[in-house]
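Chemist: any chance you could fold what I've pasted below:
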Amino acid sequence: MYKIIKKELLAPNIYRMDIAASRVACSAKPGQFIILRLDEKGERIPLTIADYDAAEGWVTIVTQTVGYSTTKLCAMNPGDELADFAGPLGRPSDFVHEDIETLRSRKILFIAGGVGTAPVYPQVKWLSQHGIKADVIIGAKNKDTLIFVDMMKQVAGNVYIATDDGSAGFHGMVTDLMRDLIDKQGKRYDEVIAIGPMIMMKFVAKTTKQYGLKTIVSLNTLMVDGTGMCGACRVTVGGKTRFTCVDGPEFDGHEVDFDEAMRRQGMYKTIESRKAKIEQERAEGHVCKVGLDR
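Modeler: Next comes the predicted model:
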């Protein structure tokens, strides 16, 4: 069993949890993910690793209450235990395998959107530990939904904030802020790494293509099985079929078919909504007599 050793509310319906999982922590690399189950009959929940400590043996996950299973997970507290916590899975970020001196000669910009800010953190932290200070744009709907800002400032070169309503930082989209940094503030970057909502990554990739900037995106939200067996995370990259869980989750953003990926993601949201409705009806005492709740 994997014990929850710390829990923190980061923003409305967004929770951070530190899980005791020493073997996962010892092997984890930036960009990878885990799959957990709440109990023996629970569904598999894939979550990108948000932080880890090999010496202390814990792994951080960040979860937003979206469907039935994530709501149930976020209701758990320190001392509670998870049935399964498998990982690390997926391929680490490409820069982990690159020559450090070569990395130090490049200027990297991370663009984090919403809950996607959490998996950006271990990447920026890893670079900082190797003497590389990357810039980070954190985007959110408003100031109340920003997460990991203070933590990010401790490891990044510069942290820029963008909110849709202008309640904090730049008033506008992350792509507008990126244009402002490059066109008006004279910033120069060699690579962009974007993690966040699918629609955000799509438009980041479209924008960076205009600047000729290499762009990496993470398609972690597509995963279901996590081992390549179910095929649910299929995505077209450069005209070829790839599996997010085993070939990714990070890919060249200029080669991803985002429209296809968003259609696939939409199917999972429908399934999650149906599960949540069924559980709500059960809690209210409704018994389906024709088997629609199976």
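Chemist: next, work out how far apart the nearest residue to D51 once chain neighbours are set aside and A20 are.
Modeler: Closest residue in space to D51, ignoring its immediate chain neighbours: T60 at 3.7 Å, by CB to CB, 6 or more residues apart in numbering. All C-beta atoms are positioned from the backbone trio N, CA, C, and that covers glycine. Using CB to CB, to the nearest Å, T60 is found at 11 Å from A20.
Chemist: quick revisit: three-state assignment of the residue nearest to D51?
Modeler: Look at T60: counting by DSSP: H, G, I helix; E, B strand; the rest coil, its state is strand.
Chemist: mind listing what it touches?
Modeler: By CB atoms under 8 Å, 6 or more residues apart in numbering, the contact list for T60 reads 16-19, 49-52, 118.
Chemist: could you do L36 as well?
Modeler: Here L36 is in contact with 2, 19, 44-45, 47, 61, 73, 82, 84-86 (CB under 8 Å, 6+ apart).
Chemist: where does pLDDT dip in the stretch 101-250 of the chain?
Modeler: Applying pLDDT under 70 to the stretch 101-250 of the chain flags the ranges 222-231.
Chemist: strands along that one, start to end?
Modeler: Listed in chain order, the strands of the stretch 101-250 of the chain (DSSP state E, counting those that start in this stretch) span 108-113, 135-140, 159-163, 170-171, 191-195, 214-218, 234-237, 240-243, 250-252.
Chemist: of all these, which lies closest to S27?
Modeler: For S27, the closest of these is strand 250-252, at 17.7 Å, according to CB to CB.
Chemist: any buried residues in that closest one, and which?
Modeler: Buried residues in strand 250-252, counted by 16 or more other CB atoms under 10 Å: 250-251.
Chemist: just give me the neighbour total for D99.
Modeler: 9 (other CB atoms under 10 Å).
Chemist: and G79, by the same measure?
Modeler: For G79, the count of nearby residues is 9 (other CB under 10 Å).
Chemist: phi, psi of D39?
Modeler: Here is the backbone geometry of D39 (degrees, to the nearest 10): phi -150, psi -180.
Chemist: my guess is M173 contacts A140. True?
Modeler: No: at 11.1 Å, M173 and A140 do not qualify as touching, with contact defined as CB atoms under 8 Å.
Chemist: can you pull out the helices in this structure?
Modeler: If DSSP state H is used as the criterion, the helices of the chain fall at 22-27, 68-74, 100-104, 117-129, 149-155, 174-179, 198-211, 244-247, 258-283.
Chemist: hang on, the earlier thing: which ones among the contacts of L36 lie within strands?
Modeler: By the criterion of DSSP state E, membership of the contacts of L36 in strands covers 2, 19, 45, 47, 61, 82, 84-86.
Chemist: ok, back up a step: tell me which of the contacts of L36 is nearest to N220?
Modeler: Among the contacts of L36, and counting by CB to CB, the member closest to N220 is L47, at 8.0 Å.
Chemist: which residues touch the closest residue to the closest one other than its chain neighbours?
Modeler: Leaving out its chain neighbours, the residue that sits closest to L47 by CB to CB, 6+ apart is I61, at 4.6 Å. I61 is in contact with 16-17, 19, 34, 36, 47, 49-50, counting by CB under 8 Å, 6+ apart.
Chemist: which one (most neighbours) among these?
Modeler: In terms of neighbour count, I49 stands highest of those at 27 neighbours, by other CB under 10 Å.
Chemist: quick one: that residue and I34 touch, right?
Modeler: Yes: assessed by CB under 8 Å, I49 is found in contact with I34 at 6.2 Å.
Chemist: who touches both of the two?
Modeler: Looking at what touches both I49 and I34 (by CB under 8 Å, 6+ apart), the common residues are 59, 61, 87-88.
Chemist: can I get the residues you listed in CSV with distance to Q265 and pLDDT?
Modeler: Listed next are the shared contacts of I49 and I34 as CSV, based on distance: CB to CB, whole Å; pLDDT from 0 to 100:
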residue, distance to Q265, pLDDT
V59, 25, 97
I61, 20, 96
G87, 22, 89
P88, 23, 93
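Chemist: and the two most separated of the residues you listed?
Modeler: Farthest pair in these, by CB to CB: I61 and P88, 12.0 Å.
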